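In: here is a sequence together with a model predicted from it:
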Amino acid sequence: EFLSQFKYVICIDYSTYIGLAKYIIIGQIAKARIVCQWINDNVEGCTCIPNITFSFEEYDDICLEGIVKGSAVAISLEGCLKKKLLRQRLDDIIPKVVDRIKPQCILIYNVSAKTDIYSIFQYAIDNNIKLLIPKTLMGERNKLLLEKTSFVYYSVVVGYIQEQPVVCLQVRSCMVLQVL
């Protein structure tokens with residue numbers, strides 16, 4: 001019932017850290033796809049957007065498994081730009097996402113104001129993929145709303161897409177996106 005008040009949900013980020021064993025990566029991706037499908041099948045009026053996570057290059061096919069061709073996808077930049085290896089992996093995965101999934105759009109979240117999104121996602125832009133980027137200040141996000149109820153813990157990122165306020169909430173490890 002709670003999720004039905006939201007139009008879009010960014011699915012749980014079951015991280016696939018570099019260095020995890022293959023069976024753990026497979027399990028993490030499987031859990032994310034199952035949760036996303038469950039939300040799409042059971043929460044009326046709410047669309048779950050799959051999160052793109054990645055690890056070593058040899059696991060890219062696994063990380064993109066189960067995402068419907070032509071669907072919207074989400075990518076978090078949190079932590080991806082701090083280390084050279086992670087930035088290289090991000091640069092490697094974007095063309096694979098575009099070529100394999102041919103997403104309707106890519107929602108990019110956890111973006112610093114200093115990040116040059118357009119150089120990172122140039123391949124997607126060149127292939128006419130729409131980018132949705134909430135304008136946020138990472139350092140301010142948790143100051144905006146931090147509330148605990150008996151059901152949900154909110155960790156907020158507030159920004160604007162096409163001049164409309166956007167709220168991303170963490171709901172028991174499930175990111176929720178709502179245009180107010």
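Out: Arrived safely. Worth saying up front: this structure is predicted, and the values here are computed from it rather than measured.
In: show me the helices in this protein, by range?
Out: If you assign secondary structure with DSSP state H, the helices in the chain sit at 22-42, 60-63, 84-101, 117-120, 122-126, 141-144.
In: in the protein, where is pLDDT below threshold?
Out: Along the chain, segments meeting pLDDT under 70 span 1, 113, 134-180.
In: if we can go back for a sec, in a markdown table: the helices of the chain, plus distance to Phe54 and mean neighbour count.
Out: Every C-beta, even on glycine, is put in place using the N, C-alpha and C of the backbone. Rendered in a markdown table, the data for the helices of the chain read as follows (distance: least, C-beta to C-beta, whole Å; neighbours: other C-beta atoms under 10 Å):
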| stretch | distance to Phe54 | mean neighbour count |
| --- | --- | --- |
| helix 22-42 | 9 | 16 |
| helix 60-63 | 5 | 17 |
| helix 84-101 | 5 | 16 |
| helix 117-120 | 14 | 14 |
| helix 122-126 | 15 | 15 |
| helix 141-144 | 23 | 14 |
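In: I'd like those helices laid out as TSV, including distance to Thr16.
Out: Listed next are those as TSV, based on distance: least, C-beta to C-beta, whole Å:
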stretch	distance to Thr16
helix 22-42	5
helix 60-63	6
helix 84-101	10
helix 117-120	19
helix 122-126	20
helix 141-144	23
